[in-house]
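> below: sequence and its predicted model.
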Amino acid sequence: MEPPADQQETLDRTALPMPDRPYEGELPFDAKDPKAKFPPIEELRPPAGAPNVLIVLLDDVGFGASSAFGGPCETPTFEKLAAEGLRYNRFHTTALCAPTRAALLTGRNHHSVGMASITELATSAPGYTSLRPNTKAPLAETLRLNGYSTAQFGKCHEVPVFQNSPLGPFDMWPTGSGFEHFYGFIGGEDNQYFPSLYEGTAPVEVDKTPEEGYHLTEDLADNTITWIRTQKSLVPDKPFFVYFAPGATHAPHHVPQEWIDRYKGKFAHGWDKQREITSERQKELGVIPQDAGLTKRHEEIPAWDEMDPALTPVLERQMETYAGFLSHTDHHVGRIVDALEELGILDDTLIFCIIGDNGASAEGTVKGTFNELICLNGMGDVVETPEFLAARVDKWGSPEAYNHYAVGWAWAMDTPFQWTKQVASHWGGTRNGTIVHWPRRIGDKGGLRSQFTHVIDIAPTVLELAGIPEPTTVNGVEQSPYEGTSMAYTFDAPDERERHDLQYFEMFGNRGIYHQGWSAVTKHRTPWKLAIGTKTVPFDEDVWELYDGSKDYSQAHDLSKEMPDKLRELQELWVAEARKYEVLPLDDRGVERLSPELAGRPSIVKGNRQIFYPGMQRISEMSVLNVKNKSFQVTAQIRVPDAGATGTIVAQGGGAGGGWGLFMHDGTARFAYSLFGINVFVTDADEPLGAGEHQVRAEFAYEGEGFAKGGDVTLYYDGEQVGQGKVAVTQPMIFSATEGLEIGRELGTPVFPGASIESTVFTGEIDWVELSTGDDDHTHLIAPEEHLQLLMSKQ
Amino acid sequence: MSDKTTDVMIAAYMTKEPAFLDYEAVVNSGAKIDGAVCVSRDLEGNTSIEETDHLAKSGAKVLGGAGLVVGLFAPPLLLSTAVGAAVGGALGHHAHSKVKSKIEEQAAETIPWGGAGMIVAYPRSSADEVDKAVTHALKKVVGEAEGKKVQALKAAMADAQEKLSNPAAAPTDA
């Protein structure tokens, strides 16, 4: 890649945006005057030689999953990149997705940028707000203001839940964070077959069905390739920064059947044996030391032989599906790499391939789940019996499923380490295989690097290699220094002493400290114990372990008893680092943090009444009155055509996760509550609704206190009762990670399982829909003046 | 154990597969039963009573489908007409059709779309065998009553429904 002719090498790039230099010459009256000669308009470009940058960040992949790091899932693209680049076997993340992404994109620790946890659990404590301080500008913004083209594809879980409505604000969205283009989803996960996507900040729907071959990873790769081709076609002298972060391989493990079939029968030996196989393979490949211990299984993780034999086919299928999903992901990353090669820019593109934003996910319970939402609602033990799972074994990975694998498989995918995602104390939660590929710069092709590195090191590495200084001010705001350390020194120096030698870890009270080879760690909470009311021990009762990483790569030999002084030294260091980066106060609360009031974070929802209008789409769950575990009423002012109305008036949630809706079904009002898309509680009005203007209302009267109870449903036309029914049980926590509330038509998947999305289009007219919670006032009708009063109260 | 005591078990299921597994297990358990009914609804609201023929062939008496399982965890809507029509005994083909129709009607009011339920009536002497056979239910309750067969079935059904509607009085074991 040739640098632009005018390289502006003398520009001061530390203050961004760089101030425009005013023209100081004379301005003649007539443009035809010979004196009317001006310097050409300069286009902003990075320093000469600045490479294209592609960061690939996969989701929920453990160190021991991909074949590039000795795992059972075939990943030829990653192997190819590793063969031509460098493999890092001591690269670390934060143990959770949003924190890792926030750290990656800012070069600062996750608490430092307000992302102690996922956005849904944000609190008002400084390190936990989910708001990135403007003193810590993201890498994409710095690159954009230095002349890079920037684009993000895939997952963005860093938008605060109180800013993810159609009204933003959008500062924390990708396009407010330095990316000129964004195509992907906002949230922790998405349905791979029916995703809830945005282009920029506008919701978009995909134009293919799974039957027509749609899959989100392929779609994201297609869009990435198209964008890169366009960029190189139109501004070839300008480097790009592309961040490709597919939802894969986070649950749901959705992947076409043919990818699952590739692994048929290959995991019959179970997860304990798989760890032995993977450990041996890792040593053969040299990606772990020959003396690395294979850590033991904790009692909380069941042995393969302890599992109910009735579950065996299901458990095997879970891993076959996951392996197919990872291979499928690798394939589509490969298509992007191939596109770079076809464009002739692969050698000039710096690729970071980070295989996992944390360890493998153990959030699927000890037996796995056909529908992850069931587990997230704490109902896995009740609903997903072995028979329930076995009856669905052939549907794993299909559009009907929302599946996740068993804890044991996650543990196996983290070979040779202890624990999994969320457990920031141990390498199983934080150590991820990473590949750096840049043929023009890296000479030691196929080399291995073992210096300690961390996701916060990526941003300073990119800036160093692009020749761009770390900015001191961005958009007029003085910047806090990067907290990571450039990894560039490792490219030519496999044996150089590591420069990043101190790093704290913390997630949900699981904590650890790394210092010059040593690690002191304590696990506080078990990831898959999510049930309401689950207790954790006090922090000062947590048991600490001590490991000497110079001799013990995998944290297999605890030295805490033999070396209590060393342990104490590191524990004190952890506290010092925790204070420095706003890790304190430790917060292991679970359900409480879902409540904005208890957590102390803002909420779009004010009061107990909310009004919606036609065309409002994908209003996120956190932006709508919480109707869970309580009574609620929904009222719609509609106009019915002569032929009668049909379609969705209002619906929240989707087919995969569950939800509720008020519909017109062949001219008659219907209230339906879908329980995970498995059962639907339907209440129909006794009579059709005639043409003209009407008010249709459904009241749900929650029975008693507590979680997940059912209740009575009553339907009204214009204040007159027209139907009664029951909902036997409700979802206590969540309907969907990405599907929202819609008026007049549904997006993604319909609440009613099996309905077509086209059938949800309402054939009448909707004036407004009001949602309210609490006890009903027994009028069953909203008078015009009452509606006006609500409107005015919202001004 | 007294055979003067009649038990009625109501079992609730989220889907039809485990319900039919339990139904088969009960019928094939060798236990003496007065009747069993297994009902499911698909996600379009259609009701199926697919196993009644099998039951008839097995020679067991068909329970008339009184007060079917009402939702998964919900209290039943106890319909007096249903109880009246319910208590089967030996039913002729014509009667069987009527009962089947009644079951479908009640199922439409009580079982969620996608869900299933089973009712088994049996003498107390079969209680252990039936209980062991019913292993897949989300919830199962047992009502009991003493007396002549028809009255006892009615009373036991009412007792089971009361327990289903009042969880505190009926510890769940599934």
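Now that the structure is in, tell me what you want to look at.
> going by C-alpha atoms from here, please, whenever you check contacts or count neighbours.
Noted.
> what is the mean pLDDT for stretch A:456-473?
For stretch A:456-473, the mean per-residue pLDDT is 98.
> so which bits of that stretch are buried?
For stretch A:456-473, burial by neighbour count (16 or more other CA atoms under 10 Å in any protein chain shown) applies to A:456-466, A:468-473.
> can you report phi and psi for whichever residue of the stretch 51-200 of chain A sits closest to chain B?
Across the stretch 51-200 of chain A, the shortest distance to chain B (CA to the nearest CA) belongs to A:F194, at 19.8 Å. Note on A:F194: its backbone torsions stand at phi -130, psi 70 [degrees, to the nearest 10].
> burial count for it?
Counted with other CA atoms under 10 Å in any protein chain shown, the neighbours of A:F194 add up to 22.
> tell me the contacts of it?
A:V206, A:T209, A:P210, A:L216, A:G748, A:T749 (CA atoms under 8 Å, 6 or more residues apart in numbering or on different chains).
> which stretches of chain B form helices?
Under the criterion DSSP state H, helices of chain B are mapped to B:16-27, B:52-58, B:80-86, B:93-110, B:127-133, B:149-165.
> hang on, A:F162 in a helix?
Yes. A:F162: assigned to a helix according to DSSP: H, G, I helix; E, B strand; the rest coil.
> surely it meets A:S603?
Yes. Applying CA atoms under 8 Å as the test, A:F162 and A:S603 come out as touching, 5.3 Å apart.
> looking at these two, which one has more neighbours?
The residue with more neighbours, out of A:F162 and A:S603, is A:F162; 21 against 16, by other CA under 10 Å.
> hang on, the earlier thing: now, which of the contacts of A:F194 sits nearest A:D394?
For the contacts of A:F194, the minimum distance to A:D394 (CA to CA) is 16.5 Å, reached by A:P210.
> distance check, that closest one against A:L216.
Look at A:P210 and A:L216: by CA to CA, to the nearest Å, they are 10 Å apart.
> swap in A:T473?
Using CA to CA, one gets 38 Å for the distance from A:T473 to A:L216.
> so where's chain A shaky on pLDDT?
Scanning chain A for pLDDT under 70 picks out A:1-9, A:530-534, A:775-778, A:785-795.
> within range of chain B, give me the residues from it.
Contact residues, chain A versus chain B (CA under 8 Å from any CA of the partner chain): A:382-383, A:385, A:387-388, A:391, A:678-682, A:710, A:727-729, A:753-754.
> which among those count as buried?
Of the residues of chain A next to chain B, these count as buried by 16+ other CA under 10 Å: A:383, A:385, A:387-388, A:678-682, A:710, A:727-729, A:753.
> of these, which belong to helices?
Filtering those for helices - DSSP H - leaves A:V383, A:E387, A:F388.
> excluding its backbone neighbours, what's nearest A:P17?
Excluding the flanking residues, the one nearest A:P17 by CA to CA, 6 or more residues apart in numbering or on different chains is A:L145, at 5.6 Å.
> next up, the contacts around A:P246.
Per CA under 8 Å, 6+ apart, neighbours of A:P246: A:L57, A:L58, A:D59, A:F153, A:G154, A:K155, A:L216, A:T217, A:L220.
> need these in a markdown table with neighbour count, can you?
Output for these, formatted as a markdown table (neighbours: other CA atoms under 10 Å in any protein chain shown):
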| residue | neighbour count |
| --- | --- |
| A:L57 | 25 |
| A:L58 | 26 |
| A:D59 | 27 |
| A:F153 | 27 |
| A:G154 | 29 |
| A:K155 | 30 |
| A:L216 | 25 |
| A:T217 | 26 |
| A:L220 | 24 |
